[in-house]
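Peer 1: fold the following, please.
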Amino acid sequence: MRTGKKIAYNNNVYKVLDKKGKTFTVEDMEGGKTKVSPNDGLFKSLVNAKNNPEEQQLIVQEEEVSHSIGR
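Peer 2: Have a look, this model is predicted:
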């Protein structure tokens, strides 16, 4: 992850604001800021989403289909 990078994950977009050592500060779409490090589940999920953006796109598409079917 690097500063300024935006990562789509779990119906949200996280922006990497800052890096100090191995700790990153990320901000979600609502403006909430969270510190994450390599030992955190969110950190691992964001790295996975960054490395596999097509999987996140598939999840979004599946949710859109289920919402349109449920009417």
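
Peer 1: SS state for Val16?
Peer 2: strand (DSSP: H, G, I helix; E, B strand; the rest coil).

Peer 1: any regions of the protein where pLDDT drops low?
Peer 2: Residue ranges of the chain with pLDDT under 70: 55-71.

Peer 1: just the helices in it please.
Peer 2: Applying DSSP state H to the chain gives helices spanning 41-51, 53-70.

Peer 1: which ones are touching Val47?
Peer 2: For Val47, the contacting residues are Met1, by Cβ atoms under 8 Å, 6 or more residues apart in numbering. Any C-beta I mention is one placed from the backbone N, CA and C, and that applies to glycine too.

Peer 1: now do it against Asp18, distance only.
Peer 2: Remark: distance between Val47 and Asp18 (Cβ to Cβ, to the nearest Å) = 17 Å.

Peer 1: how far does stretch 22-37 stretch from one end to the other?
Peer 2: For stretch 22-37, the first-to-last residue distance is 6 Å (Cα to Cα, to the nearest Å).

Peer 1: also stretch 19-31?
Peer 2: For stretch 19-31, the separation between the terminal residues is 17 Å (Cα to Cα).

Peer 1: starting at the chain centroid, how far to that stretch?
Peer 2: How far stretch 19-31 lies from its chain's middle: 11 Å, per Cα atoms, centre = their mean, to the nearest Å.

Peer 1: quickly list what Ala8 is bridged to.
Peer 2: Val13 (DSSP bridges).

Peer 1: correct me, but it touches Pro53?
Peer 2: Yes - contact criterion Cβ atoms under 8 Å: Ala8 and Pro53 qualify, at 7.0 Å.

Peer 1: more neighbours: those two, which one.
Peer 2: Higher neighbour count among Ala8 and Pro53: Ala8, with 17 against 12, using other Cβ atoms under 10 Å.

Peer 1: so which residue is dead centre in the chain?
Peer 2: Tyr9 (3.2 Å; Cα atoms, centre = their mean).

Peer 1: separation between it and Pro53?
Peer 2: 10 Å.

Peer 1: tell me the contacts of Met1?
Peer 2: 7, 16, 19, 24, 46-47, 50.
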